[in-house]
Every structure is written in structure tokens, then in C-alpha cells.
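Peer 1: got a predicted structure plus its sequence, pasted below:
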Amino acid sequence: MPAPCRRKAERSDMKDNPLGTEDNPGTGTEILRMKGITKEYVMGEEISHVLKGIDLSVREGEFLAILGPSGSGKSTLMNMIGCLDTPTSGEYYLNGKRIADQSEASLAHIRSKEIGFIFQSFYLLQRQTAFQNVELPLIYANMPDRERKRRVREVLAKVGLADKMDHYPNQLSGGQQQRVAIARAVANNPTILLADEPTGALDQGTGRQVMELFHSLNDEGRTIIMITHDRKIAEHADRIVSILDGNISEGDLDDA
Ligand code: ADP
Ligand code: MG
């Protein structure tokens, strides 16, 4: 049974954390730390340095945006954060675990337990209803039948789709499909919600609704890392880090 998240207001450590600043609200425990993460691809004679030494720390309850133009290394970094790919060098700790030390089985477990993935193109199964799409990861997680059905209804209601549970993806709008994907991502109560260009396939108004949903999930204590090229979208987050040409820096580069 997933533990309920604490509301932001209830987290007294937010007020007391000496590390807390406006740009980097201290919200308690550090749940992600990267130190000197690099990624290189060898293509024939050439080595392409895609990530050039990423240092990043994320605390529980943060809503962080990673902002950068196309080709800057955002998706590569997302794959590292999500344990979908391994760095060439550097250290990565997630929830206290050193990722380089984990077996493939343990990484699969971490991906399904610790990370809720959200992608630009939703990746819903077309022959499954909204309910079934959300239920699937809970089946993989061996959640008992009754609890599982209850949880699916609960998260679909949370994203405003209580009346659309039996619809197939092609019977839903883009924004609704992304909300199903968000329900699926939070169903298993992951440590981090990790979104790569979550509004990239949506019109502005629908994108804003998805951001409102992120705000309400974050208000409940959910940690969110959102990757985007869109400054307007990034500004929804409490903290922005910029990525440019494989290097990361605190804040929005254009504000400097
Ligand atoms: P973004 O998501 O910010 O657009 P990516 O992380 O997808 O950027 O890509 C960053 C750079 O890394 C690009 O120049 C891309 O061509 C290169 N790249 C990504 N994946 C590979 C790969 N598998 N092999 C070689 N180069 C890659
Ligand atoms: Mg990308």
C-alpha cells in the first residue's frame, strides 16, 4: 500500500531547511544526486560528448524543470535519471542507492518503483482502455486485485477522468491521453515523476491544464522533474536548471 504523500504545508522541514533559498527550496531529504555524469558516443573515428559532467541535486518535494534547446542533451539526461541508460563516467545516487552498483534486475525494479515516466507522445497501449493502461504497472508490481482496482479509480479520478475510464486512447483528446499517462505514472506512488516534454504534443491551453495537474501533484508532495525546451512551460516549476551543449547550470540562462 503506497504511503500517502505529505502536503507541502505539512512538511515542516521546508521552513527549517538552511539550504532553502528562493531558487532552490529545501524540502528535506536529497533523493537524487549526480556528480560529474558524462555520456559519450563513439561513432567511427569520432567521439561525441553529449553530457559533459552533470552535477545535480534534487530534494524531496521539488518541482524542477530542466530547460534546454533541441540537441542540448535533455533526453540523454532523462535516460540517465530514469536508469534507462548508463553514463560513461560519474556518480549517480537515487534514493540512497548507487546506481552503478545495481544489477539489471535491480535497475528494472528501481525503474518501476522509483520513477513514474511521462513522455511527449504518451505511449498508451491503443487496444487497452484508460483503466487498463493505468492498471498494467500495478499488475507488474503485484498489487492485490481489490487494492489495485481501487487505486486505478482513485488516480484516474485525480486527473479528472473518472467518467472516461472505459475509453480507448483513440476516443480521448491529446490532453486526456496525457492525463491517462500521468495517472499511470503516479499509480505506483513513485519517488520521482519524470517527464520529457510532457506538453510537446499538446496545444497551449491543454498544455496549461497538464501543468495545473503537475502543480496539484506537487502540492501533495510529489517530486517532479520536467524536461522541456519551452521556457513558458519551465516557468511553472519552482526551480529551473538550464542545459546547453551537455553542460548544466542553475537558473534560466536567459535571465542572467
Ligand atoms: P535533446 O533531447 O535535448 O534534444 P538529446 O539528448 O536527444 O537532446 O541529444 C543530444 C545530442 O546527443 C544530439 O546531438 C544527438 O545527436 C546526440 N545523441 C543522442 N543519442 C545518441 C546516440 N545513441 N548516438 C550518438 N549520438 C547521440
Ligand atoms: Mg529530447
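Peer 2: Everything's here; your move. Numbering: from 1, shown residues only. Ligands and ions are numbered 1, 2, ... in the order given.

Peer 1: any idea how far Leu253 lies from ligand 1?
Peer 2: The spacing between Leu253 and ligand 1, counted by Cβ to the nearest ligand atom, to the nearest Å, is 14 Å. Placement of C-beta: from N, CA and C, glycine included.

Peer 1: so the closest residue to that residue other than its chain neighbours, which state does it fall into?
Peer 2: Ranked by Cβ to Cβ, 6 or more residues apart in numbering and with sequence neighbours excluded, the top spatial neighbour of Leu253 is Ser242, at 4.4 Å. Per DSSP: H, G, I helix; E, B strand; the rest coil, the secondary structure class of Ser242 is strand.

Peer 1: tell me the contacts of Ser242?
Peer 2: Ile66, Leu67, Gly68, Ile248, Ser249, Glu250, Gly251, Asp252, Leu253 (Cβ atoms under 8 Å, 6 or more residues apart in numbering).

Peer 1: rerun that using 7 Å as the cut-off
Peer 2: Shown in contact with Ser242 (Cβ atoms under 7 Å, 6 or more residues apart in numbering): Leu67, Gly68, Ile248, Ser249, Gly251, Asp252, Leu253.

Peer 1: which one of these sits closest to Lys113?
Peer 2: Ile248 (26.0 Å; Cβ to Cβ).

Peer 1: any idea how far ligand 2 is from that closest one?
Peer 2: 15 Å (Cβ to the ion, to the nearest Å).

Peer 1: now the residue nearest to the spatial centre of the chain, which residues is it bridged with?
Peer 2: The structure's the chain has its C-alpha centroid closest to Leu194; by Cα atoms, centre = their mean the separation is 1.0 Å. Assessed by DSSP bridges, Leu194 has beta-bridge partners Phe117, Ile225.

Peer 1: ditto for Ser249
Peer 2: Applying DSSP bridges, one finds that Ser249 bridges with Ser242.

Peer 1: would you map the strands across the stretch 151-256 of the chain?
Peer 2: Here the stretch 151-256 of the chain has its strands, by DSSP state E, counting those that start in this stretch, at 192-196, 223-228, 239-244, 247-250.

Peer 1: turn these into JSON lines, including mean pLDDT.
Peer 2: Output for the strands of the stretch 151-256 of the chain, formatted as JSON lines (pLDDT from 0 to 100):
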{"stretch": "strand 192-196", "mean pLDDT": "97"}
{"stretch": "strand 223-228", "mean pLDDT": "98"}
{"stretch": "strand 239-244", "mean pLDDT": "97"}
{"stretch": "strand 247-250", "mean pLDDT": "95"}
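
Peer 1: for these, which one sits closest to Tyr93?
Peer 2: So among those, strand 192-196 is nearest, using Cβ to Cβ, at 12.8 Å.

Peer 1: so what's the nearest residue to Tyr168 once chain neighbours are set aside up against?
Peer 2: In this structure, Tyr168 finds its nearest non-sequential neighbour in Thr129, 5.8 Å apart by Cβ to Cβ, 6+ apart. Listed by Cβ under 7 Å, 6+ apart, the contact partners of Thr129 are Met165, Asp166, His167, Tyr168.
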